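Enquirer: could you look at this predicted model? Sequence included:
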Amino acid sequence: MENPDQNNKNKPGKDTSSSSQKDGLETSINPRYRRQKRYSPDIEEYVEGISSGNRTMLSQAITLIENSNPDHRESGQKILEECMGATGNSLRIGITGVPGVGKSTFIESFGTHILEEGHRLAVLAVDPSSSRSKGSILGDKTRMQTLANHPDTFIRPSPASGALGGVAHTTRESMLLCEAAGFDIILIETIGVGQSETAVHSMVDFFLLLMLAGAGDELQGIKRGIMEMADLIAINKSDQENIHAAKKARIEYENALSILARDSPARKPSVLTCSATEGTGISEIWNKIKRSAEQSKESSRFSARRSEQASWWMHETLNRQLKDRFYNHPEVRNKIKDFERKVKRGEVSPFRAAEELLKII
């Protein structure tokens, strides 16, 4: 006797599963569904879209550059190369600070003030990545609601993905694409204060360090190197009830800065107080940054600094790509686990193992 289900299984309309198989592909039970071929813009379309200020195209181009797929990264680099002629016309500001200093709140208030002057603002924020899952929350858009909803603002959170220096590996490329899209003020928010903040310092025109008052010994909570790089220290959360502690901290920082070595005698960083929640001191900080940029351009320090930064990033990119190519080399991948076992068992020193692996390439 024939099985009714067997007899009817190939007849249309009798498939009761959530989806059916056709030519090895899963198809929807919706009779009106048609699988859409994914549309991928070509390089010229990306460049044209970015040049016209299309934020969707800008986001997609940054995603290509951040992608781990070599083909996607190559496409992203081609887009960047085509856009290079339209870059370099922004004021680049790096913002870092101690944990709990309120960087996102400050950027919300500071960015809103900048927008009121008619500028177009891009915020590149870097979120820490988990060392286990490699994931990031990427919550800056939820923390900066006013900026996120403004038509002249572009906010791009990116995962650090193990990169040192407070920024992602591709932050500089993202910054250049934002410039090509017509954003004339770029804010780069770092993960936080650390020993490797040279990365963000080497891509911005002005480096702003946010600090707190009344949080213990202020001068012990931060590395000396970061203070030497700062162009301005702003003591945030200088609210009415905290104003006396903020004034005291300002004097302490001014005294500390007076004895630190500077890379240029012309650079005389100052210390200001502000309250991002109350909106006080924000205009003073912005005016200080503008004056500093104008003076820097008049003395040619501006262009000289950017030239040095470009050279620094060439070497930084070389270092990163050499490391990537080493670990992705087929023979290295085959032998590195064996060397790890030998090192753990004490059969070979870590230094000899590294030397032997380097010989492979």
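Expert: That came in fine, so what should we check first? Just so it is clear, the structure is predicted and the values come from calculations on it, not from any experiment.
Enquirer: how close does residue 347 sit to residue 49?
Expert: 57 Å (CB to CB, to the nearest Å). Bear in mind the C-beta positions are built from the backbone N, C-alpha and C, glycine included.
Enquirer: quick one, which of the two is more surrounded?
Expert: Using other CB atoms under 10 Å as the criterion, residue 347 and residue 49 rank with residue 49 on top: 19 against 11.
Enquirer: which other helices and strands does the host helix or strand of residue 94 contact?
Expert: Assignment of secondary structure by DSSP states H and E places residue 94 within strand 91-97. On a contact count with 3 or more CB pairs under 8 Å, 6 or more residues apart in numbering; DSSP states H and E, strand 91-97 meets helix 103-115, strand 185-189, helix 198-201, strand 206-211, helix 282-298.
Enquirer: what's the angle from it to strand 206-211?
Expert: Strand 91-97 and strand 206-211 are oriented at 20 degrees to each other (axes from the mean of the first three to the mean of the last three CA atoms, to 10 degrees).
Enquirer: show me how far strand 91-97 is from its chain's centre.
Expert: Taking CA atoms, centre = their mean, to the nearest Å, one finds strand 91-97 lying 11 Å from the centre of the chain it belongs to.
Enquirer: what's that strand in contact with?
Expert: Applying CB atoms under 8 Å, 6 or more residues apart in numbering, the contact partners of strand 91-97 are 103, 106-107, 166, 175, 184-190, 192-193, 197, 200-201, 203-211, 226, 236, 289, 293.
Enquirer: what's the burial count for the nearest residue to residue 143 once chain neighbours are set aside?
Expert: In space, and not counting its chain neighbours, residue 143 is closest to residue 104: 4.1 Å by CB to CB, 6 or more residues apart in numbering. Using other CB under 10 Å, residue 104 is surrounded by 19 other residues.
Enquirer: so residue 343 touches residue 353, yeah?
Expert: Yes. Between residue 343 and residue 353 there is a contact under CB atoms under 8 Å: 5.2 Å.
Enquirer: other SSEs contacting the helix or strand harbouring residue 247?
Expert: Taking DSSP H and E as the criterion, residue 247 maps to helix 243-258. Contact analysis of helix 243-258 by 3+ CB pairs under 8 Å, 6+ apart lists helix 224-229, strand 232-235, strand 270-273 as its packing neighbours.
Enquirer: quick one: closest of these to residue 312.
Expert: Minimum separation from residue 312 across these (CB to CB) falls at helix 224-229, 13.0 Å.
Enquirer: average pLDDT for the closest one?
Expert: Averaged across helix 224-229, pLDDT comes to 75.
Enquirer: stretch 79-95 now?
Expert: Stretch 79-95 carries an average pLDDT of 95.
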